[in-house]
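1. the following block contains a protein sequence and its predicted model.
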Amino acid sequence: MVVASRPDAGHLQLVCLDYGMLYADIGMEETRIDRPVLSADGLTVSATIRMGAREHSLYFRTRQPVLAPNTEAFLAAALLPSMKCGYPIAVNAGISKRMLEGISTIQDIHHCWRPSMAKVEIRGASPVEKPAATMPKVGSFFSCGIDSSYTLLKNRDVISDLVMIHGFSVDIDNSARWRMLSEAAERVAGAFGKRVIYVETNLKAYLKEYISWRDLGFGAMLATVAHLLSPHLSTIYFPASDSNDMLEHFSSHPLTDPLWGTESLEIIHDGCEASRLSKTKAIARNDVLRDNIHVCLRTKDTRFNCGRCQKCIRTMLSLEMAGAFGSCKAFDTPLTPRLVAALIIADNETARHYLREIMLAMKADGSRRFTGLRLAIGWVLNRPVWLSRLILATNQIGRKMIGR
């Protein structure tokens, strides 16, 4: 028998290479989820997640008493960070039988996508059948962005509630930007006859300590909030970030999102059938959605949309293709070939794909009014990657020197 030590996942593991590769863990660290607590006013749910020796106190606060404390929500929050660390999860609570089965498959999928993500044991979970939703309403996550606006437009007849998360795309300490976004959401909700549910949370800071927010974090946050809104909502839509031909291994994905559901909560990943350009064209035909689009990456900018970041410019180009940019009130920056040509995207393959899609659509249209913009997009796409990286680095140094 050969015995070796392997100090992975933050603990000493003895591996016995004999008798069927038997191994035993000694002193293994784990993730422990405390029982969630609802505040006396019914507006805040909180719980502590312990990752080894580290404690993370999480909270979720709303303006209406719609949150239901449940361990499923915090299990959704802790799963991917625990897989990254290789920590088993101790819950010591009743957990939806359907969700436990789904989590097993979610772990298989993420381990296949990223072998460094270890499959972990869920300890102390008693499988239970969750009761049906008491108020079978249908929600959809909403941010005034292209994807969530498209999902609302497409499913307007069944969606009753729009769910806005403060701490998702807008940081919880950015009250000015959140106020602008909330006002836009209220305008949209009023026009469509929907209610807005606002949820504030510090979950993002916890997730970013262990996993990539872009690749893994945002899907975990959506799943967590969805469970806290059950049984108020029986169904909730997760707007798709990518079309079927552009699917990436993100934590919000058509393969994984439905697996977070329970007997009383159905989760639908919506919108993969449409490209970003076709979504924008659909939104452009609705005045309220078009005038309240929010896509900007520069969250510290005082304007609703800066009109200069790559997401703003991509959206402006798509609106121009739809013949709606001139009447869109969400942007106050003129769209010119010079503005487009100044765009630096370097290694961002997603941005390159979207710009290429717009350029080809402009070429296929044949209109001479797109010639300057199309040539500017070509200039951006053909710029050497090394030069783009150099420009980005120089700009970053300049911003630091002037304190921006």
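-> Arrived safely, thanks for sending. Numbers count the residues shown, from 1 in each chain.
2. would you put the C-alpha positions of stretch 116-134 in PDB?
-> Extracted in PDB, the C-alpha atoms of stretch 116-134 (Å, rounded to 0.1, in the frame of the first residue of the first chain):
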ATOM      1  CA  SER A 116     -11.000  22.300 -11.000                       C
ATOM      2  CA  MET A 117     -14.500  22.600  -9.600                       C
ATOM      3  CA  ALA A 118     -14.800  19.600  -7.300                       C
ATOM      4  CA  LYS A 119     -18.100  17.800  -6.700                       C
ATOM      5  CA  VAL A 120     -19.000  18.200  -3.100                       C
ATOM      6  CA  GLU A 121     -21.200  16.300  -0.600                       C
ATOM      7  CA  ILE A 122     -24.300  17.900   0.800                       C
ATOM      8  CA  ARG A 123     -24.400  16.800   4.400                       C
ATOM      9  CA  GLY A 124     -27.400  16.800   6.800                       C
ATOM     10  CA  ALA A 125     -30.000  17.400   4.000                       C
ATOM     11  CA  SER A 126     -33.300  15.700   4.500                       C
ATOM     12  CA  PRO A 127     -35.200  15.400   1.200                       C
ATOM     13  CA  VAL A 128     -38.600  17.000   1.400                       C
ATOM     14  CA  GLU A 129     -41.500  17.700  -1.000                       C
ATOM     15  CA  LYS A 130     -42.000  21.500  -1.100                       C
ATOM     16  CA  PRO A 131     -45.700  22.600  -0.900                       C
ATOM     17  CA  ALA A 132     -47.200  24.400  -3.900                       C
ATOM     18  CA  ALA A 133     -46.900  28.200  -4.100                       C
ATOM     19  CA  THR A 134     -49.500  30.000  -2.100                       C
END
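3. model confidence over that stretch, on average?
-> Taken as a whole, stretch 116-134 carries a mean pLDDT of 92.
4. if we look at it, which residues are touching it?
-> With contact meaning Cβ atoms under 8 Å, 6 or more residues apart in numbering, stretch 116-134 is reached by 9, 30-31, 75, 79-80, 82-84, 86-98, 100, 103, 107-108, 110-111, 230-234, 262-265. The way it works is simple: take the backbone N, C-alpha and C, and place the C-beta from them, glycine included.
5. isn't residue 363 right up against residue 374?
-> Yes. Counting by Cβ atoms under 8 Å, residue 363 touches residue 374, with 6.2 Å between them.
6. look at these two and report which has more neighbours.
-> The residue with more neighbours, out of residue 363 and residue 374, is residue 374; 20 against 14, by other Cβ atoms under 10 Å.
7. pretty sure that one contacts residue 364?
-> No. Contact status for residue 374 versus residue 364: not in contact, 10.5 Å apart, counting by Cβ under 8 Å.
8. could you check how far residue 297 is from residue 185?
-> Separation of residue 297 from residue 185 (Cβ to Cβ, to the nearest Å): 19 Å.
9. likewise for residue 46?
-> Taking Cβ to Cβ, one finds residue 46 at 25 Å from residue 185.
10. which one's more surrounded, those two?
-> The residue with more neighbours, out of residue 46 and residue 185, is residue 185; 21 against 18, by other Cβ under 10 Å.
11. and that one, what element?
-> helix 175-192 (DSSP states H and E).
12. and what of residue 379?
-> helix 371-382.
13. now do the same for the spatially most central residue of the chain: its pLDDT.
-> Geometric centre of the chain, nearest residue: residue 218, 3.1 Å, by Cα atoms, centre = their mean. Residue 218 is assigned 93 on the pLDDT scale.
14. what of residue 156?
-> 98.
15. now swap in residue 159 and tell me
-> 98.
16. what's the answer for residue 401, then?
-> pLDDT, read off for residue 401, is 67.
17. what residue ranges in the stretch 151-300 of the chain score low on pLDDT?
-> 299 (pLDDT under 70).
18. show me where it has its helices.
-> 175-192, 203-208, 218-228, 276-284, 287-291 (DSSP state H, counting those that start in this stretch).
19. how many neighbours does residue 107 have?
-> When neighbours are counted by other Cβ under 10 Å, residue 107 comes out with 21.
20. neighbours of the nearest residue to residue 135 once chain neighbours are set aside, how many?
-> Spatially, and ignoring its direct neighbours in sequence, residue 135 is nearest to residue 232 (5.4 Å; Cβ to Cβ, 6 or more residues apart in numbering). Using other Cβ under 10 Å, residue 232 has 20 other residues around it.
21. pretty sure residue 232 contacts residue 66?
-> Yes. If you go by Cβ under 8 Å, residue 232 and residue 66 touch, sitting 4.6 Å apart.
22. between the helices of the stretch 151-300 of the chain, which gets nearest to residue 383?
-> helix 276-284 (21.6 Å; Cβ to Cβ).
23. other residues contacting that closest one?
-> 146-147, 149-150, 153-154, 243, 271, 274, 289-290, 293, 314-315, 318-319, 321-324, 328, 354, 357-358, 361.
24. list the buried residues of the helix holding residue 379.
-> 373, 374, 376, 377, 378, 380 (16 or more other Cβ atoms under 10 Å).
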